[in-house]
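> I need the structure of the sequence given here:
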Amino acid sequence: MLRPVIAVVGPTATGKSALALALAEALGDAEVVNADSMQLYRGMDVGTAKLTVAQRRGIPHHQLDVLEPSQEASVAAYQRHARADVEAIRSAGRWAIVVGGSGLYLRALLEELDLPGRDPQVRAEIEARLARTGPTALHAALATLDPAAAGAIDPRNTRRVVRALEVVTVTGRPFAASLPSGDPHWPDVRLGLRAEWPVLDRRIVTRARRMMADGLLDEAAALGPLSRTAARATGYAQALAHLAGLRTHDETVEDIALATRQLARRQVKWFRRDARLRWLDASDPDSLLPAVLPMLEEWQR
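Numbering: from 1, shown residues only. Coordinates of the predicted model:
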């Protein structure tokens, strides 16, 4: 019997990478597939809390360092490549452990999801229209073409409005037709890590300080031009502001911590909707592995 895919998900700073490593070592024949959209980027290591090669302890990791920071990340491309990695791991009779906090990337990998390709010309035309007419008019245009999509998307979320219009224009189908059905692509076990906000906040502040101490400024200075998707990575805009002389060291730490808190809240909101998640209290890291292993016993027999 082919083993299920194990997914370790949740907000930033809950210890997902550490649990994935511990699981891989305990299971003995496992490989890890990254599902953090920013860890796809080569050279963006400190700011994304990417494990170093030494920290991976010989466990194979996939979908790390596959893009240059100047390249756009694509959910469709990730789905294609990450699924190929998971298929190869499972076909070899090994455990595939997917780990990350990028909700859409995880759903694209784990669930049946038809991802229409992007059309740069169509997108450019829509974005130009947005610049000319503003978000309200663009949302009204979506309401004319796809009322259901417009009703589900906040007019202020211009990135999602633009994407919905692009999908409708390119495919001629409602935007909802490209959304996840919720049906799993493989059998899976989904583990969600969470912690009380005071615990998470302390970890976030500690992480922000550690990133600055570990060379985030040098890393940001060496990156060169960033694509739109790479530029969304938490920490780099704040580091570049410091390098430009706009913020002090302490202000930069505060800025990174604030941006990370905001990211964590978005992630919590996203993962809260997944009824398949088995939630684990990440406040005590040592308790996680003993809680998880019994869940997998039935698949090890």
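> ends of stretch 228-238, what's the gap?
Distance across stretch 228-238, first residue to last, is 16 Å (C-alpha to C-alpha, to the nearest Å).
> then stretch 47-62?
Per C-alpha to C-alpha, stretch 47-62 runs 19 Å from first to last residue.
> buried ones in it?
47-51, 56, 59, 61-62 (16 or more other C-beta atoms under 10 Å). Just so you know, the C-beta spots here come from the backbone N, C-alpha and C atoms, and that holds for glycine as well.
> kindly report the same for stretch 89-106.
Neighbour counts over stretch 89-106 (16+ other C-beta under 10 Å) mark 89-90, 94-106 as buried.
> cool, and stretch 265-282?
Along stretch 265-282, these residues count as buried under the neighbour rule (16+ other C-beta under 10 Å): 267-268, 270-271, 274, 277, 280, 282.
> for those residues, which one is nearest Asp154?
Comparing those against Asp154 with C-beta to C-beta picks out Trp270 as the nearest, at 14.6 Å.
> and that closest one, how far from Ser102?
9 Å (C-beta to C-beta, to the nearest Å).
> can you list the low-confidence ranges for this structure?
1, 117, 176-181, 298-301 (pLDDT under 70).
> quick check, central residue of it?
Ser102 (1.7 Å; C-alpha atoms, centre = their mean).
> that one reaches Leu40, doesn't it?
No. Judged on C-beta atoms under 8 Å, Ser102 makes no contact with Leu40 at a distance of 9.3 Å.
> just the element for Glu125, please.
Here Glu125 sits within helix 120-133, counting by DSSP states H and E.
> what's that helix packed up against?
helix 135-145, helix 158-171 (3 or more C-beta pairs under 8 Å, 6 or more residues apart in numbering; DSSP states H and E).
> now do it and helix 158-171, the angle between them.
Angle of helix 120-133 versus helix 158-171, following axes from the mean of the first three to the mean of the last three C-alpha atoms, to 10 degrees, is 130 degrees.
> hmm, back to that, contacts only, for the residue nearest to the centre of the chain.
Residues in contact with Ser102 (C-beta atoms under 8 Å, 6 or more residues apart in numbering) are 35-38.
> neighbour-wise, which one of the residues you listed leads?
The residue in the contacts of Ser102 with the most neighbours, by other C-beta atoms under 10 Å, is Ala35 (27 neighbours).
> contacts only, for that one.
Listed by C-beta under 8 Å, 6+ apart, the contact partners of Ala35 are 7, 9, 63, 82, 98-102, 105-106, 109.
> any idea how far it lies from Tyr236?
Between Ala35 and Tyr236 the distance is 20 Å, computed by C-beta to C-beta.
> can you check Thr248 too?
Taking C-beta to C-beta as the measure, Thr248 and Tyr236 are separated by 18 Å.
> again, but for Ala291
Ala291 sits 35 Å away from Tyr236, taking C-beta to C-beta as the criterion.
> more neighbours: which of these two?
Tyr236 (25 against 14).
> can you give me the strands for the stretch 1-150 of the chain?
Ranges of strands in the stretch 1-150 of the chain, per DSSP state E, counting those that start in this stretch, are 5-9, 30-34, 61-62, 95-100.
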